[in-house]
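Colleague: Mind looking at a prediction? Sequence and model below.
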Amino acid sequence: MARQDLKNSFRNYRLGLVWVLAEPFALALMMWLVFSFIFTGRADRIGLDPFIVYLITGVLPFQWLASSISKGPRVFRKYGNMLTYSPLPVWFWPLRGVVSAGAEFLLSLPVIFALILLFGAQISWGVLLLPVAIFLQVFLCMGVSMLGAALSLKFPDVQMLTSIINRMLFWTSPIIWASKDFPDWLQTWLYLNPFQLLLDLYRAIIWPEEVGSFRDWMLSITVIFVIFVVGSVLLKLRVRDIRRVEE
């Protein structure tokens, strides 16, 4: 189903899946030009060097998370009867959107490694943490997708809030800036945003020192777990209520 979603998303475009790489790459390139040469004149004042690699390792995972946040409230509208009557588990339908967006992310990974080679960065042992980052992001994306699907049944305006939520998440996550720019006492609390940990793990490919402490890991993983459990419970309750009314 996820493969079919990918085909349907790009079948009307001549370049097809090339757009999976083009959109986030263009965004990262634009931000690199603005912040490196126009806004500051020095890339090492924000983020880490090479700044373009720092940007792309933030933008690509964010595209996946933002897609999951946007698709969550649309699950019931898109799948409707299938979600309430299908013998498949209720979490299967939000998972379909998460897997589709995740597939786009995996297809874009070559961009990261190409830029690493192009700008002369060194791949570290942190590349072994890449599967851990992807694993945790699946759970985070599933959690926010299920939460959005459940809340949209009672509060339809949630769908309209997704773009605002994504914008806020973009600027409050270390996509452009780095946690090193904040006071030491505040850096741990930044991990209340679980996306902070995920970006650290992705960037450990060339910046292993960015991986937080055990406390940071536990804080972010706990938030991911809470979001996933709350989203799962609310989704099951909402679907159960719908089935009871329709019976």
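Modeller: Nice, I can see it.
Colleague: Who are the contact partners of the residue nearest the centre of the chain?
Modeller: Residue closest to the average C-alpha location in the chain (Cα atoms, centre = their mean): L65, at 2.3 Å. Going by Cβ atoms under 8 Å, 6 or more residues apart in numbering, L65 touches Q137, L140, C141, V144, L169, F195. (Each C-beta comes from the backbone N, C-alpha and C, glycine too.)
Colleague: Checking R96 next. Helix, strand or coil?
Modeller: helix (DSSP: H, G, I helix; E, B strand; the rest coil).
Colleague: show me the contacts for it.
Modeller: By Cβ under 8 Å, 6+ apart, the residues touching R96 are M1, A2, D5.
Colleague: Run the chain-centre distance for the helix or strand that the residue nearest to the centre of the chain is a member of.
Modeller: Assigning secondary structure by DSSP states H and E places L65 in helix 51-71. Put simply, helix 51-71 sits 6 Å off its chain's centre (Cα atoms, centre = their mean, to the nearest Å).
Colleague: Under the pLDDT cut-off, which ranges of this protein? List them.
Modeller: 6-27, 30-31, 33-47, 79-84, 241-247 (pLDDT under 70).
Colleague: which residues of it fall in helices?
Modeller: All helices of the chain, identified by DSSP state H, fall at 2-10, 18-33, 51-71, 75-85, 92-118, 130-154, 158-172, 184-187, 194-203, 214-246.
Colleague: Adding distance to S124, write these out as CSV.
Modeller: Listed next are these as CSV, based on distance: least, Cβ to Cβ, whole Å:
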stretch, distance to S124
helix 2-10, 31
helix 18-33, 21
helix 51-71, 13
helix 75-85, 38
helix 92-118, 10
helix 130-154, 11
helix 158-172, 26
helix 184-187, 21
helix 194-203, 10
helix 214-246, 18
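Colleague: Out of these, the one nearest A178 is which?
Modeller: Taking Cβ to Cβ, helix 51-71 is the member of the helices of the chain nearest to A178, at 7.7 Å.
Colleague: got the CA positions of the closest one in PDB?
Modeller: Taking C-alpha atoms only, helix 51-71 is exported to PDB below (Å, rounded to 0.1, in the frame of the first residue of the first chain):
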ATOM      1  CA  PHE A  51      26.800  23.900   7.200                       C
ATOM      2  CA  ILE A  52      25.100  22.400   4.100                       C
ATOM      3  CA  VAL A  53      25.500  18.900   5.600                       C
ATOM      4  CA  TYR A  54      24.300  20.200   8.900                       C
ATOM      5  CA  LEU A  55      21.200  21.600   7.200                       C
ATOM      6  CA  ILE A  56      20.400  18.600   5.000                       C
ATOM      7  CA  THR A  57      20.600  16.200   8.000                       C
ATOM      8  CA  GLY A  58      18.000  18.400   9.700                       C
ATOM      9  CA  VAL A  59      15.700  19.100   6.700                       C
ATOM     10  CA  LEU A  60      15.300  15.600   5.500                       C
ATOM     11  CA  PRO A  61      14.200  14.000   8.800                       C
ATOM     12  CA  PHE A  62      11.900  17.100   9.400                       C
ATOM     13  CA  GLN A  63      10.200  16.500   6.000                       C
ATOM     14  CA  TRP A  64       9.300  13.000   7.300                       C
ATOM     15  CA  LEU A  65       8.000  14.200  10.600                       C
ATOM     16  CA  ALA A  66       6.100  17.100   9.100                       C
ATOM     17  CA  SER A  67       4.400  14.800   6.600                       C
ATOM     18  CA  SER A  68       3.300  12.500   9.400                       C
ATOM     19  CA  ILE A  69       1.900  15.500  11.400                       C
ATOM     20  CA  SER A  70       0.000  16.800   8.300                       C
ATOM     21  CA  LYS A  71      -1.400  13.400   7.300                       C
END
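Colleague: That one vs helix 194-203, what angle?
Modeller: Orientation check (axes from the mean of the first three to the mean of the last three Cα atoms, to 10 degrees): helix 51-71 against helix 194-203 gives 140 degrees.
Colleague: So for helix 51-71, what gets flagged as buried?
Modeller: With burial defined by 16 or more other Cβ atoms under 10 Å, the residues of helix 51-71 counted as buried are 51-71.
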